[in-house]
Every structure is written in C-alpha cells, then in structure tokens.
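> Provided below for reference: sequence and predicted model.
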Amino acid sequence: MSIRRVTVYAASSQALHSDYISAAHRLGQTLARAGLVIVYGGGGHGLMGAMANAALTEGGEVHGVIPEFLTRIEQGHQKLTSMEVVPDMHTRKALMLEQSDAVIALPGGCGTFEELFEAMTLKRLGQFLGPIILVNTAGYYDSLMQVLRHSVNEHFMSRIHLQMWQLVDEPEQALDALGKAAQWSASRIQQAAVTGASS
C-alpha cells in the first residue's frame with residue numbers, strides 16, 4: 001500500500017511535559033521531510049500545534065479539519081495549507097480518515113482515544129485498511145496496550161487484531177513502521193467476530 005497522506009491524532013492541551021511537545025515537533029518534521037501530506041484536527045496549541053508548526057517549517061503540506069462550533073472557541077491554526085470547517089465532530093472524524101492512507105496517534109486525552117478507537121474499530125470491520133501507528137512517548141500507551149491484550153486474553157478480541165496497530169517509541173520510527181505494517185484487507189471483516197476461546 002502506497003502511503004501519501006497521513007492523519008495525525010494529537011492533544012491540544014497546553015499543560016504538557018516538554019517530552020511530549022518535542023516528540024510532536026519531531027513527528028511533524030519527519031513526515032514533512034518524507035514528503036507526506038498531513039491531515040489533523042486543525043488546532044494551533046499543544047501537540048497539534050507543535051506537530052503542525054514543525055511540518056510547515058519544513059515546507060510540509062498540512063490540512064486541518066475543524067468542527068464549526070470549535071471555531072467559536074478558538075480559530076484554529078492560522079497558517080495551514082488549508083482548513084476545512086465541518087458541521088460537527090462526526091463529520092470531522094470521517095473526513096480525517098477518508099482523506100488519509102494511514103493514522104498516527106501521538107499521546108492524547110479522551111478525544112484522541114475516541115479517534116484512535118474508531119480507526120481501530122473500522123479497521124477490524126474492514127472499512128479502514130491503512131496502518132495505525134501509536135507514538136509511545138515516555139511509555140504513554142503502555143497501559144492501553146495492556147488493556148488491549150487483556151481484551152484478547154478474555155476473548156473480546158481475536159489475537160489477529162493485535163496486528164491492527166504498531167507501537168513505536170520515537171516519532172522518527174513512524175516511517176519505518178508505516179512501511180512494515182501488516183497488510184489488511186476488507187475481507188478481515190470475516191474475522192471481526194470472536195467465535196471461540198481459541199480465536
């Protein structure tokens with residue numbers, strides 16, 4: 001699968017440790033230098049802003065997708081390649097996936113978790129086939145991986161579903177992970193349901 005456009009999920013919090021900001025900055029640099037087009041939530045603060053600013057500084061193409069109600073709270077990033085204002089969060093999430101070949105998740109809160117789990121669910125159902133990469137800055141996603149493995153052990157998910165995503169410690173490793181991600185096809189929907197304890 002050829003990867004040209006990547007959706008990045010990231011936090012907008014401005015109260016984060018500098019390690020998270022640095023990782024977001026480096027991811028933006030890495031993706032832009034590789035010539036990948038970035039699609040993200042359009043924010044100008046937190047990890048969103050750090051990632052977008054770094055990519056733009058490197059001459060990268062960065063597209064924001066922001067729901068209209070958020071523009072009344074914040075204007076979003078003002079220097080993007082383009083900004084699409086959509087009616088609501090549902091439309092935003094759908095467009096961000098439809099416009100991209102892969103997903104990369106930086107650390108984030110409930111909004112990032114929601115986006116990430118929707119991408120995972122759609123991949124499980126064969127509706128999104130691209131790689132899903134989690135940037136595990138400072139071990140942020142370790143506990144989530146433990147929960148997901150527990151879900152498999154308790155037969156809520158099949159072991160094959162652990163192949164739906166890749167975990168990397170450093171943002172620079174995301175490119176290699178994109179290239180090495182297991183191939184996924186729409187036929188995987190046949191394995192979406194867990195039918196027995198051996199799944």
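In hand now; what should we look at?
> for stretch 68-76, which outside residues touch it?
For stretch 68-76, contacts defined as Cβ atoms under 8 Å, 6 or more residues apart in numbering pick out Gly42, Gly43, Gly44, His45, Gly64, Ile66, Met83, Val85, Val86, Pro87, Asp88. Using the backbone N, CA and C atoms, a C-beta is placed for each residue, glycine as well.
> ok, now which ones touch the first one?
In other words, Gly42. With Cβ under 8 Å, 6+ apart, Gly42 has these contacts: Met48, Gly64, Val65, Ile66, Leu70, Gly76, His77, Leu80, Met83, Glu84.
> just to be sure, the second one is in a strand?
By that I understand Gly64. Yes. When DSSP: H, G, I helix; E, B strand; the rest coil is applied, Gly64 is found to be in a strand.
> now for it: which residues touch it?
Val39, Tyr40, Gly41, Gly42, Gly43, Ala52, Gly76, His77, Leu80, Ser82, Met83, Glu84 are the contacts of Gly64 under Cβ under 8 Å, 6+ apart.
> which parts of the helix or strand that contains the last one are buried?
Applying DSSP states H and E as the criterion places Glu84 in strand 82-86. By neighbour count, and taking 16 or more other Cβ atoms under 10 Å as the criterion, the buried residues in strand 82-86 are Met83, Glu84, Val85, Val86.
> now swap in stretch 117-129 and tell me
Glu118, Ala119, Met120, Leu122, Lys123, Arg124, Gly126, Phe128.
> what residues does it touch?
1, 93, 97, 103, 130, 132, 157, 161, 164-165, 184-189, 192.
> mind checking how far the helix or strand bottoming out on mean pLDDT in the chain is from the chain centre?
One helix or strand of the chain scores below all others by mean pLDDT, DSSP states H and E: helix 68-71, with a mean of 88. Averaging C-alpha positions (Cα atoms, centre = their mean, to the nearest Å) puts helix 68-71 21 Å from its chain's average.
> thinking again about what came up before, tell me which two of the contacts of stretch 68-76 sit farthest apart.
The largest separation in those, counting by Cβ to Cβ, is between His45 and Pro87 at 22.6 Å.
> can you show me the helices along this structure?
Secondary structure of the chain (DSSP state H): helices at 18-33, 46-57, 68-71, 89-98, 110-124, 142-153, 174-180.
> same list (those) but as a markdown table, adding distance to Val8.
Below are the helices of the chain laid out as a markdown table (distance: least, Cβ to Cβ, whole Å):
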| stretch | distance to Val8 |
| --- | --- |
| helix 18-33 | 7 |
| helix 46-57 | 6 |
| helix 68-71 | 17 |
| helix 89-98 | 9 |
| helix 110-124 | 10 |
| helix 142-153 | 17 |
| helix 174-180 | 10 |
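> weakest of those helices by average pLDDT?
Mean pLDDT is lowest for helix 68-71 among the helices of the chain, at a mean of 88.
> pull out the buried residues from that one.
Neighbour counts over helix 68-71 (16+ other Cβ under 10 Å) mark Leu70 as buried.
> now swap in stretch 135-149 and tell me
Quick answer for stretch 135-149 (16+ other Cβ under 10 Å): Val135, Asn136, Thr137, Tyr140, Tyr141, Leu144, Leu148.
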